[in-house]
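*Asks:* what's the 3D shape of this:
(one chain, ligands or ions: 2)
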Amino acid sequence: MAAVTVLGAGAWGTAFGQVLADAGNQVTMWAIEPEIVDAINTLHQNPVRLPVVKRLPDSMHATLDRGEAVKNAEIIIVTIAAQFARQALEEFRDLIPDQAIVVSLMKGIERSTDKRMDQVVMETLHLPASRFACLSGPNLSKEVALRQPAAAVVASQDHDTAVKVATVATSKYFKIFSSTDVIGVEMCGSLKNVVALAVGMSRGAGFGENTAAMIETRGLAELTQLGVAAGAQAQTFAGLAGVGDLVATCGSPLSRNYTFGSNLGKGMSVDQATKVSNGVAEGVPTTAAVVALGEKYGVPTPLASAMLRVLNEGIDCGEMLEDLFGDDIIDE
Ligand SMILES: NC(=O)C1=CN([C@@H]2O[C@H](COP(=O)(O)OP(=O)(O)OC[C@H]3O[C@@H](n4cnc5c(N)ncnc54)[C@H](OP(=O)(O)O)[C@@H]3O)[C@@H](O)[C@H]2O)C=CC1
Ligand SMILES: O=C(CO)COP(=O)(O)O
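*Replies:* Numbering: from 1, shown residues only. Ligands and ions are numbered 1, 2, ... in the order given. Have a look, this model is predicted:
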(Lines give C-alpha, C1' and ligand atoms only; values in the text may rest on other atoms or scores of the structure.)
(Ligands and ions follow the chains in the order given, each with its own letter.)
Protein backbone atom coordinates (compact mmCIF):
# COMPACT_ATOMS: atom_id res chain seq x y z
CA MET A 1 0.00 0.00 0.00
CA ALA A 2 1.24 3.51 -0.83
CA ALA A 3 0.13 7.06 -0.16
CA VAL A 4 -0.85 8.40 -3.57
CA THR A 5 -2.05 11.90 -4.45
CA VAL A 6 -3.95 12.76 -7.63
CA LEU A 7 -3.71 16.38 -8.83
CA GLY A 8 -6.88 17.18 -10.80
CA ALA A 9 -10.23 15.55 -10.05
CA GLY A 10 -11.51 15.51 -13.63
CA ALA A 11 -13.13 12.47 -15.22
CA TRP A 12 -9.86 10.58 -15.63
CA GLY A 13 -8.27 11.74 -12.37
CA THR A 14 -11.32 10.54 -10.43
CA ALA A 15 -11.59 7.22 -12.30
CA PHE A 16 -7.87 6.58 -11.84
CA GLY A 17 -8.14 7.55 -8.17
CA GLN A 18 -10.68 4.75 -7.85
CA VAL A 19 -8.27 2.32 -9.59
CA LEU A 20 -5.59 3.27 -7.07
CA ALA A 21 -7.99 2.87 -4.14
CA ASP A 22 -9.14 -0.51 -5.49
CA ALA A 23 -5.46 -1.51 -5.67
CA GLY A 24 -5.29 -0.95 -1.89
CA ASN A 25 -3.74 2.53 -1.70
CA GLN A 26 -4.68 5.55 0.39
CA VAL A 27 -5.69 8.19 -2.18
CA THR A 28 -5.78 11.97 -1.75
CA MET A 29 -7.43 13.96 -4.53
CA TRP A 30 -6.48 17.63 -5.00
CA ALA A 31 -8.96 19.77 -6.92
CA ILE A 32 -9.24 23.48 -7.52
CA GLU A 33 -13.06 23.51 -7.20
CA PRO A 34 -14.46 23.54 -3.61
CA GLU A 35 -17.71 21.89 -4.75
CA ILE A 36 -15.79 18.88 -6.12
CA VAL A 37 -13.73 18.54 -2.94
CA ASP A 38 -16.89 18.73 -0.82
CA ALA A 39 -18.73 16.19 -2.94
CA ILE A 40 -15.86 13.67 -2.78
CA ASN A 41 -15.55 14.04 1.00
CA THR A 42 -19.22 14.13 1.94
CA LEU A 43 -21.12 12.27 -0.82
CA HIS A 44 -18.23 10.06 -2.03
CA GLN A 45 -19.04 11.19 -5.56
CA ASN A 46 -17.77 13.53 -8.25
CA PRO A 47 -21.12 14.52 -9.77
CA VAL A 48 -19.53 17.23 -11.93
CA ARG A 49 -16.90 15.17 -13.74
CA LEU A 50 -17.73 11.50 -13.16
CA PRO A 51 -21.42 11.11 -12.30
CA VAL A 52 -21.42 7.44 -13.37
CA VAL A 53 -19.80 6.44 -10.04
CA LYS A 54 -22.39 6.53 -7.29
CA ARG A 55 -20.00 5.83 -4.41
CA LEU A 56 -16.24 6.27 -4.54
CA PRO A 57 -14.15 4.04 -2.22
CA ASP A 58 -13.80 5.16 1.41
CA SER A 59 -10.01 5.25 1.01
CA MET A 60 -10.35 8.30 -1.31
CA HIS A 61 -10.57 11.76 0.17
CA ALA A 62 -10.07 15.23 -1.28
CA THR A 63 -8.51 18.55 -0.30
CA LEU A 64 -8.17 22.08 -1.69
CA ASP A 65 -4.91 22.59 0.23
CA ARG A 66 -1.86 21.99 -1.98
CA GLY A 67 0.60 21.45 0.86
CA GLU A 68 -1.66 19.00 2.67
CA ALA A 69 -2.37 17.20 -0.61
CA VAL A 70 1.24 16.26 -1.34
CA LYS A 71 3.08 16.35 1.99
CA ASN A 72 3.04 12.57 2.60
CA ALA A 73 2.75 11.41 -1.01
CA GLU A 74 5.03 8.67 -2.31
CA ILE A 75 3.49 8.91 -5.77
CA ILE A 76 1.87 12.01 -7.28
CA ILE A 77 -0.38 11.59 -10.31
CA VAL A 78 -1.03 14.61 -12.55
CA THR A 79 -4.32 14.67 -14.54
CA ILE A 80 -4.86 18.34 -15.29
CA ALA A 81 -5.93 19.56 -18.73
CA ALA A 82 -2.61 19.76 -20.60
CA GLN A 83 -2.76 23.47 -21.49
CA PHE A 84 -3.07 24.34 -17.78
CA ALA A 85 -0.55 21.86 -16.39
CA ARG A 86 2.40 24.26 -16.22
CA GLN A 87 0.44 26.99 -14.46
CA ALA A 88 -1.09 24.50 -11.98
CA LEU A 89 2.20 22.68 -11.25
CA GLU A 90 4.16 25.89 -10.59
CA GLU A 91 2.17 26.16 -7.34
CA PHE A 92 3.43 22.70 -6.29
CA ARG A 93 7.14 23.16 -7.14
CA ASP A 94 8.33 23.74 -3.58
CA LEU A 95 5.85 21.35 -1.97
CA ILE A 96 6.67 18.01 -3.63
CA PRO A 97 8.53 15.62 -1.23
CA ASP A 98 12.15 14.90 -2.23
CA GLN A 99 11.66 11.21 -3.01
CA ALA A 100 8.18 11.33 -4.55
CA ILE A 101 7.61 9.91 -8.05
CA VAL A 102 5.47 12.09 -10.34
CA VAL A 103 3.31 10.37 -12.98
CA SER A 104 1.63 12.21 -15.85
CA LEU A 105 -1.67 10.83 -17.16
CA MET A 106 -2.16 13.79 -19.49
CA LYS A 107 -2.44 13.42 -23.25
CA GLY A 108 -1.58 16.69 -24.90
CA ILE A 109 1.16 18.97 -26.18
CA GLU A 110 1.58 22.49 -24.78
CA ARG A 111 0.45 24.90 -27.47
CA SER A 112 2.73 27.85 -26.65
CA THR A 113 5.96 25.78 -26.50
CA ASP A 114 5.18 22.57 -28.50
CA LYS A 115 6.46 20.61 -25.48
CA ARG A 116 5.28 17.17 -24.39
CA MET A 117 3.89 16.73 -20.87
CA ASP A 118 7.03 14.89 -19.69
CA GLN A 119 9.02 18.01 -20.59
CA VAL A 120 6.49 20.37 -18.99
CA VAL A 121 6.23 18.37 -15.74
CA MET A 122 9.96 17.81 -15.28
CA GLU A 123 10.98 21.38 -16.06
CA THR A 124 8.19 22.95 -13.98
CA LEU A 125 8.82 20.78 -10.92
CA HIS A 126 12.63 20.62 -11.39
CA LEU A 127 12.26 16.85 -11.34
CA PRO A 128 15.00 14.36 -12.39
CA ALA A 129 13.98 11.90 -15.14
CA SER A 130 14.41 8.98 -12.71
CA ARG A 131 11.44 10.28 -10.67
CA PHE A 132 9.12 10.85 -13.65
CA ALA A 133 6.77 8.40 -15.37
CA CYS A 134 3.87 8.69 -17.78
CA LEU A 135 0.92 6.35 -18.08
CA SER A 136 -1.19 5.94 -21.20
CA GLY A 137 -3.38 3.44 -23.01
CA PRO A 138 -6.94 2.71 -24.14
CA ASN A 139 -8.59 4.06 -21.01
CA LEU A 140 -11.94 5.72 -21.65
CA SER A 141 -12.67 7.03 -18.15
CA LYS A 142 -16.29 5.92 -17.94
CA GLU A 143 -15.44 2.29 -18.75
CA VAL A 144 -12.58 2.27 -16.22
CA ALA A 145 -14.89 3.90 -13.66
CA LEU A 146 -17.33 1.00 -14.19
CA ARG A 147 -14.41 -1.36 -13.45
CA GLN A 148 -14.45 -2.93 -16.93
CA PRO A 149 -11.15 -4.78 -17.66
CA ALA A 150 -8.52 -2.47 -19.17
CA ALA A 151 -4.77 -2.03 -19.48
CA ALA A 152 -2.19 0.74 -19.82
CA VAL A 153 1.54 1.17 -20.16
CA VAL A 154 3.68 3.14 -17.74
CA ALA A 155 7.00 4.49 -19.00
CA SER A 156 9.98 5.92 -17.16
CA GLN A 157 13.62 6.31 -18.12
CA ASP A 158 14.27 4.43 -14.87
CA HIS A 159 12.84 0.93 -15.26
CA ASP A 160 12.52 0.53 -11.46
CA THR A 161 10.34 3.65 -11.32
CA ALA A 162 8.03 2.28 -14.03
CA VAL A 163 7.76 -1.05 -12.23
CA LYS A 164 7.05 0.67 -8.90
CA VAL A 165 4.20 2.72 -10.40
CA ALA A 166 2.81 -0.34 -12.20
CA THR A 167 2.91 -2.37 -8.99
CA VAL A 168 1.14 0.30 -6.96
CA ALA A 169 -1.60 0.94 -9.55
CA THR A 170 -2.39 -2.57 -10.78
CA SER A 171 -5.80 -3.72 -9.60
CA LYS A 172 -7.94 -6.74 -10.38
CA TYR A 173 -9.43 -5.10 -13.49
CA PHE A 174 -6.59 -2.70 -14.44
CA LYS A 175 -3.39 -4.26 -15.82
CA ILE A 176 -0.25 -2.16 -16.30
CA PHE A 177 2.76 -2.94 -18.52
CA SER A 178 6.14 -1.20 -18.15
CA SER A 179 8.33 0.58 -20.70
CA THR A 180 11.32 2.92 -20.81
CA ASP A 181 10.09 4.76 -23.92
CA VAL A 182 8.78 7.96 -22.33
CA ILE A 183 8.82 9.93 -25.59
CA GLY A 184 6.93 7.17 -27.42
CA VAL A 185 4.20 6.81 -24.80
CA GLU A 186 3.78 10.60 -24.59
CA MET A 187 3.61 11.02 -28.36
CA CYS A 188 1.10 8.18 -28.75
CA GLY A 189 -1.31 9.60 -26.17
CA SER A 190 -1.20 13.15 -27.48
CA LEU A 191 -1.20 12.51 -31.22
CA LYS A 192 -3.98 9.93 -31.33
CA ASN A 193 -6.37 12.66 -30.18
CA VAL A 194 -5.82 14.50 -33.47
CA VAL A 195 -6.63 11.29 -35.37
CA ALA A 196 -9.77 10.85 -33.24
CA LEU A 197 -10.93 14.34 -34.22
CA ALA A 198 -10.62 13.38 -37.90
CA VAL A 199 -12.31 9.99 -37.52
CA GLY A 200 -15.12 11.57 -35.49
CA MET A 201 -15.53 14.17 -38.21
CA SER A 202 -15.86 11.52 -40.92
CA ARG A 203 -18.43 9.63 -38.83
CA GLY A 204 -20.36 12.82 -38.16
CA ALA A 205 -20.39 13.54 -41.89
CA GLY A 206 -21.96 10.11 -42.42
CA PHE A 207 -18.99 8.08 -43.70
CA GLY A 208 -18.51 4.45 -42.65
CA GLU A 209 -15.89 1.86 -41.76
CA ASN A 210 -13.62 2.22 -44.80
CA THR A 211 -13.13 5.93 -44.25
CA ALA A 212 -12.54 5.46 -40.52
CA ALA A 213 -10.01 2.66 -41.12
CA MET A 214 -8.22 4.75 -43.74
CA ILE A 215 -7.85 7.74 -41.38
CA GLU A 216 -6.80 5.56 -38.44
CA THR A 217 -4.17 3.69 -40.46
CA ARG A 218 -2.70 6.75 -42.14
CA GLY A 219 -2.91 8.56 -38.79
CA LEU A 220 -0.94 5.79 -37.10
CA ALA A 221 1.73 6.02 -39.83
CA GLU A 222 1.93 9.79 -39.30
CA LEU A 223 2.22 9.64 -35.56
CA THR A 224 4.76 6.81 -35.70
CA GLN A 225 6.98 8.74 -38.14
CA LEU A 226 6.78 11.91 -36.07
CA GLY A 227 7.34 10.02 -32.83
CA VAL A 228 10.41 8.22 -34.16
CA ALA A 229 11.83 11.53 -35.43
CA ALA A 230 11.35 12.92 -31.90
CA GLY A 231 13.30 10.00 -30.40
CA ALA A 232 10.60 7.37 -29.71
CA GLN A 233 10.81 3.63 -30.43
CA ALA A 234 8.62 2.50 -33.35
CA GLN A 235 7.40 -0.59 -31.48
CA THR A 236 5.68 1.56 -28.85
CA PHE A 237 3.22 2.72 -31.53
CA ALA A 238 2.13 -0.89 -32.10
CA GLY A 239 1.36 -1.32 -28.39
CA LEU A 240 -1.36 -0.32 -25.92
CA ALA A 241 -0.46 3.38 -25.90
CA GLY A 242 -0.37 3.48 -29.70
CA VAL A 243 -2.67 1.30 -31.75
CA GLY A 244 -4.59 0.28 -28.61
CA ASP A 245 -5.55 3.81 -27.66
CA LEU A 246 -6.17 4.73 -31.30
CA VAL A 247 -8.73 1.93 -31.63
CA ALA A 248 -10.50 2.85 -28.37
CA THR A 249 -10.56 6.61 -28.90
CA CYS A 250 -11.43 6.57 -32.60
CA GLY A 251 -14.18 4.00 -32.02
CA SER A 252 -16.16 5.43 -29.15
CA PRO A 253 -18.58 8.29 -28.60
CA LEU A 254 -17.30 8.24 -25.00
CA SER A 255 -14.20 10.00 -26.35
CA ARG A 256 -14.41 13.79 -26.14
CA ASN A 257 -12.08 14.11 -29.15
CA TYR A 258 -14.17 11.74 -31.28
CA THR A 259 -17.35 13.54 -30.21
CA PHE A 260 -15.84 16.96 -30.89
CA GLY A 261 -14.90 15.81 -34.41
CA SER A 262 -18.30 14.20 -34.93
CA ASN A 263 -20.02 17.49 -34.06
CA LEU A 264 -17.80 19.29 -36.59
CA GLY A 265 -18.72 16.65 -39.19
CA LYS A 266 -22.41 17.28 -38.48
CA GLY A 267 -21.87 20.95 -39.34
CA MET A 268 -21.16 22.62 -36.00
CA SER A 269 -18.55 25.38 -35.84
CA VAL A 270 -15.50 24.98 -33.58
CA ASP A 271 -17.12 27.37 -31.08
CA GLN A 272 -20.35 25.39 -31.04
CA ALA A 273 -18.49 22.07 -30.64
CA THR A 274 -16.45 23.58 -27.79
CA LYS A 275 -19.60 24.76 -26.00
CA VAL A 276 -21.24 21.32 -26.04
CA SER A 277 -18.03 19.40 -25.17
CA ASN A 278 -18.26 17.63 -21.83
CA GLY A 279 -14.64 17.92 -20.65
CA VAL A 280 -11.39 18.72 -22.38
CA ALA A 281 -10.82 17.67 -26.04
CA GLU A 282 -7.00 17.75 -25.95
CA GLY A 283 -6.65 17.18 -29.71
CA VAL A 284 -7.93 20.70 -30.43
CA PRO A 285 -4.99 22.68 -28.97
CA THR A 286 -2.58 19.82 -29.74
CA THR A 287 -3.22 19.86 -33.52
CA ALA A 288 -1.21 23.05 -34.13
CA ALA A 289 1.63 21.71 -31.96
CA VAL A 290 1.75 18.51 -34.04
CA VAL A 291 2.07 20.52 -37.26
CA ALA A 292 4.82 22.62 -35.64
CA LEU A 293 6.67 19.48 -34.49
CA GLY A 294 6.40 18.06 -38.01
CA GLU A 295 8.05 21.21 -39.38
CA LYS A 296 10.71 21.05 -36.68
CA TYR A 297 11.61 17.41 -37.43
CA GLY A 298 11.06 17.58 -41.21
CA VAL A 299 8.23 15.01 -41.08
CA PRO A 300 5.12 15.52 -43.24
CA THR A 301 1.92 15.72 -41.13
CA PRO A 302 -0.88 15.72 -43.73
CA LEU A 303 -3.56 14.60 -41.28
CA ALA A 304 -2.72 17.14 -38.56
CA SER A 305 -2.30 19.85 -41.21
CA ALA A 306 -5.73 19.06 -42.68
CA MET A 307 -7.29 19.11 -39.19
CA LEU A 308 -5.59 22.45 -38.51
CA ARG A 309 -7.37 23.86 -41.58
CA VAL A 310 -10.63 22.49 -40.19
CA LEU A 311 -10.02 24.22 -36.85
CA ASN A 312 -8.65 27.51 -38.23
CA GLU A 313 -10.45 27.91 -41.56
CA GLY A 314 -13.58 25.83 -41.04
CA ILE A 315 -13.08 23.57 -44.09
CA ASP A 316 -15.58 20.70 -44.27
CA CYS A 317 -14.98 16.96 -44.04
CA GLY A 318 -14.75 16.48 -47.82
CA GLU A 319 -12.01 19.10 -48.12
CA MET A 320 -10.22 17.69 -45.07
CA LEU A 321 -10.12 14.24 -46.67
CA GLU A 322 -8.92 15.67 -49.99
CA ASP A 323 -6.16 17.53 -48.15
CA LEU A 324 -5.07 14.31 -46.51
CA PHE A 325 -3.59 12.80 -49.66
CA GLY A 326 -2.84 15.50 -52.20
CA ASP A 327 -2.53 14.53 -55.88
CA ASP A 328 0.74 12.56 -55.87
CA ILE A 329 1.03 8.77 -55.81
CA ILE A 330 2.95 8.01 -52.63
CA ASP A 331 4.59 4.81 -51.37
CA GLU A 332 2.81 3.40 -48.37
N1 LIG B 1 -11.15 10.98 -19.73
C2 LIG B 1 -10.42 10.02 -20.25
O3 LIG B 1 -10.98 9.03 -20.70
C4 LIG B 1 -8.93 10.11 -20.25
C5 LIG B 1 -8.27 11.33 -20.16
N6 LIG B 1 -6.92 11.37 -20.23
C7 LIG B 1 -6.17 12.63 -20.15
O8 LIG B 1 -6.20 13.09 -18.80
C9 LIG B 1 -6.19 14.53 -18.78
C10 LIG B 1 -7.37 15.03 -17.95
O11 LIG B 1 -8.55 14.53 -18.58
P12 LIG B 1 -9.94 14.45 -17.84
O13 LIG B 1 -9.80 14.29 -16.40
O14 LIG B 1 -10.72 13.42 -18.54
O15 LIG B 1 -10.51 15.91 -18.22
P16 LIG B 1 -11.65 16.76 -17.53
O17 LIG B 1 -12.04 17.80 -18.52
O18 LIG B 1 -12.69 15.89 -16.95
O19 LIG B 1 -10.86 17.44 -16.33
C20 LIG B 1 -9.79 18.34 -16.55
C21 LIG B 1 -9.11 18.56 -15.22
O22 LIG B 1 -8.16 19.63 -15.35
C23 LIG B 1 -8.40 20.55 -14.30
N24 LIG B 1 -7.96 21.90 -14.63
C25 LIG B 1 -8.26 22.62 -15.72
N26 LIG B 1 -7.68 23.83 -15.63
C27 LIG B 1 -7.01 23.87 -14.45
C28 LIG B 1 -6.21 24.83 -13.79
N29 LIG B 1 -5.97 26.03 -14.33
N30 LIG B 1 -5.68 24.52 -12.59
C31 LIG B 1 -5.91 23.32 -12.04
N32 LIG B 1 -6.67 22.36 -12.62
C33 LIG B 1 -7.20 22.63 -13.81
C34 LIG B 1 -9.91 20.48 -14.14
O35 LIG B 1 -10.29 21.10 -12.94
P36 LIG B 1 -11.83 21.60 -12.79
O37 LIG B 1 -12.68 20.39 -12.77
O38 LIG B 1 -11.80 22.32 -11.53
O39 LIG B 1 -12.10 22.48 -13.99
C40 LIG B 1 -10.10 18.98 -14.14
O41 LIG B 1 -9.69 18.40 -12.94
C42 LIG B 1 -6.26 14.98 -20.26
O43 LIG B 1 -4.95 15.28 -20.69
C44 LIG B 1 -6.79 13.74 -20.98
O45 LIG B 1 -6.34 13.69 -22.32
C46 LIG B 1 -6.20 10.22 -20.33
C47 LIG B 1 -6.82 9.00 -20.38
C48 LIG B 1 -8.24 8.86 -20.36
O1 LIG C 1 -7.62 9.10 -23.94
C2 LIG C 1 -8.72 8.64 -23.86
C3 LIG C 1 -9.00 7.19 -23.91
O4 LIG C 1 -7.83 6.45 -23.80
C5 LIG C 1 -9.87 9.53 -23.70
O6 LIG C 1 -10.14 10.16 -24.87
P7 LIG C 1 -10.83 11.58 -24.85
O8 LIG C 1 -9.88 12.52 -24.15
O9 LIG C 1 -11.03 11.88 -26.28
O10 LIG C 1 -12.12 11.44 -24.10
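*Asks:* What is the burial count for residue 219?
*Replies:* By the criterion of other CB atoms under 10 Å, residue 219 has 25 neighbours. Using the backbone N, CA and C atoms, a C-beta is placed for each residue, glycine as well.
*Asks:* now it: how far from residue 260?
*Replies:* Between residue 219 and residue 260 the distance is 16 Å, computed by CB to CB, to the nearest Å.
*Asks:* just residue 83 next, same as before
*Replies:* Relative to residue 260, and taking CB to CB, residue 83 is found at 15 Å.
*Asks:* Quick one: name the residues of the stretch 201-332 of the chain near ligand 1.
*Replies:* Residues of the stretch 201-332 of the chain lying close to ligand 1 (CB under 6 Å from any ligand atom) are 279, 280, 282.
*Asks:* What subset of those residues is buried?
*Replies:* 280, 282 (16 or more other CB atoms under 10 Å).
*Asks:* who's in contact with the residue nearest to residue 128 when sequence neighbours are not counted?
*Replies:* With CB to CB, 6 or more residues apart in numbering as the criterion, residue 128 has its nearest non-adjacent residue at 7.7 Å, and that residue is residue 122. Residue 122 makes contacts with 128, 129, 132, as judged by CB atoms under 8 Å, 6 or more residues apart in numbering.
*Asks:* for residue 138, same thing?
*Replies:* Neighbours of residue 138 in contact, by CB under 8 Å, 6+ apart: 150, 151, 152, 240, 244, 245, 247, 248, 249.
*Asks:* What number of residues are in the vicinity of residue 24?
*Replies:* 11.
*Asks:* looking at this, it is in a strand?
*Replies:* No - going by DSSP: H, G, I helix; E, B strand; the rest coil, the assignment for residue 24 is coil, not a strand.
*Asks:* Can you name the residues that contact the residue nearest to it when sequence neighbours are not counted?
*Replies:* Nearest residue to residue 24 in three dimensions, chain neighbours excluded: residue 1, at 5.0 Å (CB to CB, 6+ apart). Residues in contact with residue 1 (CB under 8 Å, 6+ apart) are 24, 25, 26.
*Asks:* ok, the last one to residue 4 distance?
*Replies:* Taking CB to CB as the criterion, residue 26 is separated from residue 4 by 7 Å.
*Asks:* More neighbours: these two, which one.
*Replies:* Per other CB under 10 Å, whichever of residue 26 and residue 4 has more neighbours is residue 4, with 27 against 17.
*Asks:* Can you tell me the SS state at the more buried one?
*Replies:* strand.
*Asks:* of residue 83 and residue 260, who's got more company?
*Replies:* Counted by other CB under 10 Å, residue 83 and residue 260 do not tie: residue 260 has more neighbours, with 28 against 19.
*Asks:* returning to what we had before: list just the nearest of the contacts of residue 122 to ligand 1.
*Replies:* Within the contacts of residue 122, the smallest distance to ligand 1 is 16.0 Å, found for residue 132 (CB to the nearest ligand atom).
*Asks:* Could you pull up the contacting residues of that closest one?
*Replies:* Counted by CB under 8 Å, 6+ apart, residue 132 has contacts 101, 102, 103, 104, 118, 121, 122, 156, 157, 161, 182.
*Asks:* Same check on residue 86?
*Replies:* 110, 120, 124.
*Asks:* Distance of it relative to ligand 1?
*Replies:* 10 Å (CB to the nearest ligand atom, to the nearest Å).
*Asks:* Equivalent analysis for residue 234, please.
*Replies:* 23 Å.
*Asks:* Skipping adjacent residues, who's closest to that residue in space?
*Replies:* Closest to residue 234 by CB to CB, 6+ apart is residue 228, at 5.4 Å.
*Asks:* Let's see the pLDDT reported for that neighbour.
*Replies:* pLDDT, residue 228: 98.
*Asks:* quick revisit: possible to save the contacts of residue 1 as a markdown table with distance to ligand 2 and pLDDT?
*Replies:* Listed next are the contacts of residue 1 as a markdown table, based on distance: CB to the nearest ligand atom, whole Å; pLDDT from 0 to 100:
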| residue | distance to ligand 2 | pLDDT |
| --- | --- | --- |
| 24 | 24 | 97 |
| 25 | 22 | 98 |
| 26 | 26 | 97 |
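*Asks:* Among those residues, which one lies nearest to residue 224?
*Replies:* Distance to residue 224 across the contacts of residue 1 (CB to CB) is lowest for residue 25, with 34.4 Å.
*Asks:* Kindly report the residues of the stretch 1-150 of the chain close to ligand 2.
*Replies:* Close to ligand 2, as judged by CB under 6 Å from any ligand atom, the stretch 1-150 of the chain has residues 107, 138, 139, 140.
*Asks:* Next up, phi/psi of the third one, please.
*Replies:* This points to residue 139. Dihedral pair for residue 139: phi -140, psi 60, per degrees, to the nearest 10.
*Asks:* what's the burial count for it?
*Replies:* Residue 139 is flanked by 25 other residues according to other CB under 10 Å.
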